[in-house]
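Chemist: Provide a 3D model corresponding to the input given below.
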Amino acid sequence: MSGFNHKPHILFLYSDTGGGHRAAAESIIEALELEFGDAITTEMVDFLKDYAPAPYNRLPEHYPDLVRVPELWGVGFYISDGRSQARIVTSTFWPYVRRAARRLVKEHPSDLLVSVHPLGTSFFLKALGSDRQPFITVVTDMVSTHALWYDQRADLTLVPTDMALQRALEYQMSPGKVQVVGQPVSQRVSQVGLGKKELRRKLGWAIRKSTILLVGGGEGMGPLMETALAIDESGLDVTLVIIAGRNRKLKTELESRKWDNQVHVYGFTSDMPDLMRASDILVSKAGPGTIAEALIASLPIILYSKLPGQEDGNVRFVEAVGAGVWAPDPLLVVRTLTRWICRPHEMKKIVQNCRKAAVPDASNHIARILGQKIGLEAGVNVTLPSNPTGL
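Modeler: Below is the predicted model of the structure:
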């Protein structure tokens, strides 16, 4: 792109196959606005929904159904993972998506492309050719990252953990082209706001009871109902906060039940930072964004569900840093909750481990890297909007 007084334009390639890709792009854009104000412009494109040929353009729509059969998802992940398998996938599908990929990059000119989706890397690098603008991949899976994330032609690949870095090196990525930056999360996650008691009062929760936050991801997946019932029937005197996500049927079922404890049910919500800060323990599916946010909120984690393949490593990461445990059965969840509530010294140690493992400035770090790639320095000759984050 060129022109008088041209503002650098960054194009983000994402797709709504899971909420983490969109959330990562949005959090980086938010950080870019804070770092550079109106000195740049940004754009997000859902390349599957808006450009992929049928039936691939319906993958975001059918993603919730696909992941409700975790075993099949895991088989698909593992048989396609690996350098040679990734090349086969790319070469097999290239004839079908070539025209769409080239049309996207032509219709959305930019000074920098950023992919936050494993399918948004090799196909678009191929479509761009050799005479192209810089291309950066931001890996949004935490540890067990699929080979499709990695393409040596990318100028830089940003990964969230040292474990993901090792994975990239195993796929023979050049060490100088891979950098550990943390998991991008919204600025709201690390903002200091009301204290725990004040938040609970604002939310209408019991102030002095142990509060358990039960999350099934954006789609309300995993044995969420069974786990909620086990906690409620355990004899523990707690407040149970349940996030059903976009699963409306599940939300209705949860709201219609009679509970022994105080129970609050939410659908898909943008208030997760406050809900986490108001809680004592997180019981969650092993999504990378949720884990990263919990670490920043110093919230001990019980992982009760995961997608085979891409989320297997997230469990290993949480256990390795001492931030929580894997409890894939409702009774194991109850046993862990009972131990932690009865042993506050153990909980305190886990809280400290969460703080050590947290990377609250990951989005800002990524934003500064992107700015450097297009020749900008943070905070220099920048006119900030009056409310850059919209919060």
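
Chemist: can we go C-alpha only for contacts and neighbour counts from here?
Modeler: Will do.

Chemist: Just to be sure, Thr157 is in a helix?
Modeler: No. Using DSSP: H, G, I helix; E, B strand; the rest coil, the assignment for Thr157 is strand, not a helix.

Chemist: now it, which residues is it bridged with?
Modeler: Counting by DSSP bridges, Thr157 is bridged to Thr137, Val178.

Chemist: Next, count neighbours for it.
Modeler: 28 (other Cα atoms under 10 Å).

Chemist: Quick one, grab the pLDDT at the residue lying closest to Asp280 once chain neighbours are set aside.
Modeler: Computed as Cα to Cα, 6 or more residues apart in numbering, the closest residue to Asp280 that is not its neighbour in sequence is Thr211, at 5.2 Å. Looking at Thr211, its pLDDT stands at 98.

Chemist: Count the neighbours of Thr211 for me.
Modeler: So Thr211, with other Cα under 10 Å, has 23 neighbours.

Chemist: wait, it sits on Ile281?
Modeler: Yes. Assessed by Cα atoms under 8 Å, Thr211 is found in contact with Ile281 at 6.7 Å.

Chemist: Next, the contact list for the residue nearest to Asp280, please.
Modeler: Thr211 is in contact with 238-241, 278-281, counting by Cα atoms under 8 Å, 6 or more residues apart in numbering.

Chemist: do the same with Ala286
Modeler: The contact partners of Ala286, taken as Cα under 8 Å, 6+ apart, are 303-307, 311, 314-315.

Chemist: The same query, at a cut-off of 7 Å, please.
Modeler: By Cα atoms under 7 Å, 6 or more residues apart in numbering, the residues touching Ala286 are 303, 305-306, 311, 314-315.

Chemist: Closest one of the contacts of Thr211 to His9?
Modeler: Ala278 (38.2 Å; Cα to Cα).

Chemist: Apart from its chain neighbours, what residue comes closest to that closest one?
Modeler: Computed as Cα to Cα, 6+ apart, the closest residue to Ala278 that is not its neighbour in sequence is Lys196, at 4.7 Å.

Chemist: what's the burial count for the one you found?
Modeler: The number of residues packed near Lys196 is 17, by other Cα under 10 Å.

Chemist: how far away is it from Tyr150?
Modeler: 41 Å (Cα to Cα, to the nearest Å).

Chemist: Spatially nearest residue to Pro118, not counting backbone neighbours?
Modeler: Nearest non-adjacent residue to Pro118 (Cα to Cα, 6+ apart): Trp149, at 4.3 Å.

Chemist: Next: Arg153.
Modeler: Leu125 (7.1 Å).

Chemist: And for Lys285?
Modeler: Using Cα to Cα, 6+ apart, the closest residue to Lys285 is Ser305 (4.5 Å).

Chemist: related to what we said a few turns ago, list only buried entries from the contacts of Thr211.
Modeler: Neighbour-count burial (16 or more other Cα atoms under 10 Å) applied to those gives 238-241, 278-281.

Chemist: For the residue nearest to Ser186 when sequence neighbours are not counted, list the residues it contacts.
Modeler: Excluding the flanking residues, the one nearest Ser186 by Cα to Cα, 6+ apart is Ser27, at 4.6 Å. Contact partners of Ser27, counting by Cα under 7 Å, 6+ apart, are 184-186, 363.

Chemist: separation between Ser27 and Thr121?
Modeler: 19 Å.

Chemist: what do you get for Tyr78?
Modeler: 19 Å.

Chemist: How many residues are close by Arg201?
Modeler: The number of residues near Arg201, taken as other Cα under 10 Å, comes to 13.

Chemist: Just give the nearest non-adjacent residue to it, would you?
Modeler: Closest to Arg201 by Cα to Cα, 6+ apart is Ile207, at 6.6 Å.

Chemist: hey, what's Ile10 bridged with?
Modeler: Thr42, Leu112.

Chemist: ok, it touching Val105?
Modeler: No. Under the criterion of Cα atoms under 7 Å, Ile10 makes no contact with Val105, lying 11.9 Å away.

Chemist: Tell me where this protein has strands.
Modeler: Along the chain, counting by DSSP state E, strands occupy 9-14, 41-46, 112-115, 135-138, 156-159, 178-180, 210-215, 238-243, 262-266, 281-285, 301-305, 324-326.

Chemist: want to throw the ones you listed into TSV with distance to Trp94?
Modeler: Listed next are those as TSV, based on distance: least, Cα to Cα, whole Å:
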stretch	distance to Trp94
strand 9-14	17
strand 41-46	18
strand 112-115	17
strand 135-138	19
strand 156-159	22
strand 178-180	25
strand 210-215	37
strand 238-243	39
strand 262-266	41
strand 281-285	33
strand 301-305	34
strand 324-326	39
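
Chemist: who wins for proximity to Leu72 among these?
Modeler: Checking the strands of the chain against Leu72 by Cα to Cα gives strand 301-305 as the closest, at 15.2 Å.

Chemist: tell me, which helix in this protein spans the most residues?
Modeler: helix 83-107 (DSSP state H).

Chemist: And the residue nearest to Pro330 when sequence neighbours are not counted, how far from Arg343?
Modeler: Distance criterion Cα to Cα, 6+ apart; nearest residue to Pro330, sequence neighbours excluded, is Thr227 at 4.7 Å. Remark: distance between Thr227 and Arg343 (Cα to Cα) = 22 Å.
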